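[1] What would the 3D arrangement of this be:
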Amino acid sequence: MKESDHRTVTHSGLALLTGCVAVIAFGGAVGLAAGLFEPGTVTGERLPSGNPALPALVLALVVGVPMTAAAVRAATGRAHTAELAMLAGALLVGLTGAQLLVVRAFSWPQPLVVVAGLVVFATGWRLHGHAPVRATH
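    Reported below is the predicted structural model:
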């Protein structure tokens, strides 16, 4: 496979993954703000301001917007796709870590979210030209 073909497949995969994460983030933000997700008594008490609207806004702005931008850039092949993907992936992992520190609650999707963020970051890293050098024997 030629390098240009590989980049096209990589960009398409990145667009698909970041697009899915963006949709899930915006859906989660709407669900939180509308009260469709019950955080539980203890978790709800630990939310900043005790109101789920702030975490919903943070989720939309910190995850949804950057993932949407990365998806559009990857799908269209525009400049700075790699950098935006690295930023979006890092923000997703960072927000998950902040959630664990602030809310002090663990849920089963969190490891999947971290893996998705790391894959987005690593794909951006690779597109940026920082792929690890493979040893030859």
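[2] can we go C-alpha only for contacts and neighbour counts from here?
    OK.
[3] In this structure, which residue is most central in space?
    Leu92 (4.0 Å; Cα atoms, centre = their mean).
[4] Let's see the pLDDT reported for it.
    pLDDT recorded at Leu92 is 97.
[5] show me the contacts for it.
    62-63, 113-114, 117 (Cα atoms under 8 Å, 6 or more residues apart in numbering).
[6] could you redo these as TSV and give each row distance to Asn51, pLDDT and neighbour count?
    Shown next, in TSV, are those (distance: Cα to Cα, whole Å; pLDDT from 0 to 100; neighbours: other Cα atoms under 10 Å):
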residue	distance to Asn51	pLDDT	neighbour count
Val62	18	97	17
Val63	19	97	29
Val113	23	95	17
Val114	25	96	19
Gly117	26	97	28
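[7] In which helix or strand does Leu16 reside?
    helix 3-34 (DSSP states H and E).
[8] what's the closest non-adjacent residue to Val30?
    Ala56 (6.8 Å; Cα to Cα, 6 or more residues apart in numbering).
[9] and the one you found, what helix or strand is that in?
    Going by DSSP H and E, Ala56 is part of helix 53-59.
[10] now the angle from the next helix-or-strand element following that helix to helix 3-34?
    As assigned by DSSP H and E, the chain's next helix or strand after helix 53-59 is helix 65-76. Angle of helix 65-76 versus helix 3-34, following axes from the mean of the first three to the mean of the last three Cα atoms, to 10 degrees, is 150 degrees.
[11] remind me which residues of the chain are low pLDDT?
    1-7, 38-50, 130-137 (pLDDT under 70).
[12] what about the residue nearest to Val30, distance to Phe121?
    23 Å (Cα to Cα, to the nearest Å).
[13] And for Leu91?
    Leu91 is 9 Å from Phe121, by Cα to Cα.
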